[in-house]
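> I'll drop the sequence and a predicted model, then ask my questions.
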Amino acid sequence: MNTSHKIASYLLSTKAVKLSPEQPFKWSSGWNSPIYCDNRVTLSYPEARTFIKKSLAKAIKKHFPDAELIAGVATAGIPQGTLVAEALGLPFAYVRPKPKEHGMGNQIEGRIEKGQKVVVIEDLISTGGSSLKAVDALREAGIEVVGMVAIFTYGFKIADKNFADKNVPLVTLSNYNALIDEAIKQNYISAESLESLKKWRRKPETWGV
Ligand SMILES: O=P(O)(O)OC[C@H]1O[C@H](OP(=O)(O)OP(=O)(O)O)[C@H](O)[C@@H]1O
Ligand SMILES: O=C(O)c1cc(=O)[nH]c(=O)[nH]1
């Protein structure tokens, strides 16, 4: 099994994927969705966690071998980013959605140096809004973002456009198509749910509005 299907299979076996067409989930972007993929759950399963950590490390070595620092997008990218930074023996920092309102007032937490080459770790890409906000903060701090690696993407065109507009190379380990392939193989999904997912995917930004 290839990496994208293996991770999809872990997302199903750990029950990280939930379907609820009747009571839609609200996504970070504000979109309503009949599906939620909670990658955070995989952290509770050592076998899945280790496979994801090793796959992230392999992707960084292959695509961004000059990485000097790993940065996690808060919050779900923090544990994943920490694990992979440890595996690669690299420094780690994380980026909040906005500057903290007390204490040091930081948006980026950890030691960073201007000009450092960073790879951003995100758990999941829907529109890319959250992770690209982190890229903006890193660039404003004088950090060179060489790319991003995410565990999962829905593969929406809007995300491709957002990453292209910001000139951020994105590598993803698994995706929606691999998830649906595996879900069908494993009878995780009813024919009825599959139909509602197909409808949703045609116009996700206005589904359930
Ligand atoms: O590509 P996007 O449209 O930005 O959506 C994906 C983002 O949404 C989730 O984070 P969430 O806002 O739920 O916060 P969390 O990481 O703190 O759980 C996820 O972890 C991504 O960061
Ligand atoms: O877009 C989101 O907020 C989102 C979607 C999803 O499936 N999983 C998740 O953690 N966040």
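Received the coordinates, thanks. Predicted model, so just to flag it, every value in this text is computed and none were measured. Ligands and ions are numbered 1, 2, ... in the order given.
> After the lengthiest helix in the chain, which helix or strand is next?
The longest helix of the chain (DSSP state H) is helix 46-63. Per DSSP states H and E, helix 46-63 leads on to strand 69-73 as the next helix or strand towards the C-terminus.
> now that next one and helix 46-63, what's the angle there?
Here strand 69-73 points in a direction 130 degrees away from that of helix 46-63 (axes from the mean of the first three to the mean of the last three C-alpha atoms, to 10 degrees).
> Quick one: name whatever helix or strand follows strand 69-73.
Going down the chain from strand 69-73, the next helix or strand is helix 77-88, by DSSP H and E.
> Need the pLDDT of the spatially most central residue of the chain.
The centroid of the chain falls nearest to Leu124 when counting by C-alpha atoms, centre = their mean (2.2 Å). For Leu124, the pLDDT comes out at 98.
> quick one: contacts for it?
Cys37, Asn39, Ala76, Ala150, Ile151, Phe152, Thr153 (C-beta atoms under 8 Å, 6 or more residues apart in numbering). From N, CA and C alone the C-beta is placed, and that goes for glycine too.
> Can I get those in a markdown table including secondary structure, neighbour count and distance to Lys18?
As requested, the contacts of Leu124 are exported to a markdown table (DSSP: H, G, I helix; E, B strand; the rest coil; neighbours: other C-beta atoms under 10 Å; distance: C-beta to C-beta, whole Å):
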| residue | secondary structure | neighbour count | distance to Lys18 |
| --- | --- | --- | --- |
| Cys37 | strand | 23 | 8 |
| Asn39 | helix | 25 | 12 |
| Ala76 | coil | 19 | 15 |
| Ala150 | strand | 26 | 19 |
| Ile151 | strand | 26 | 16 |
| Phe152 | strand | 27 | 14 |
| Thr153 | strand | 23 | 18 |
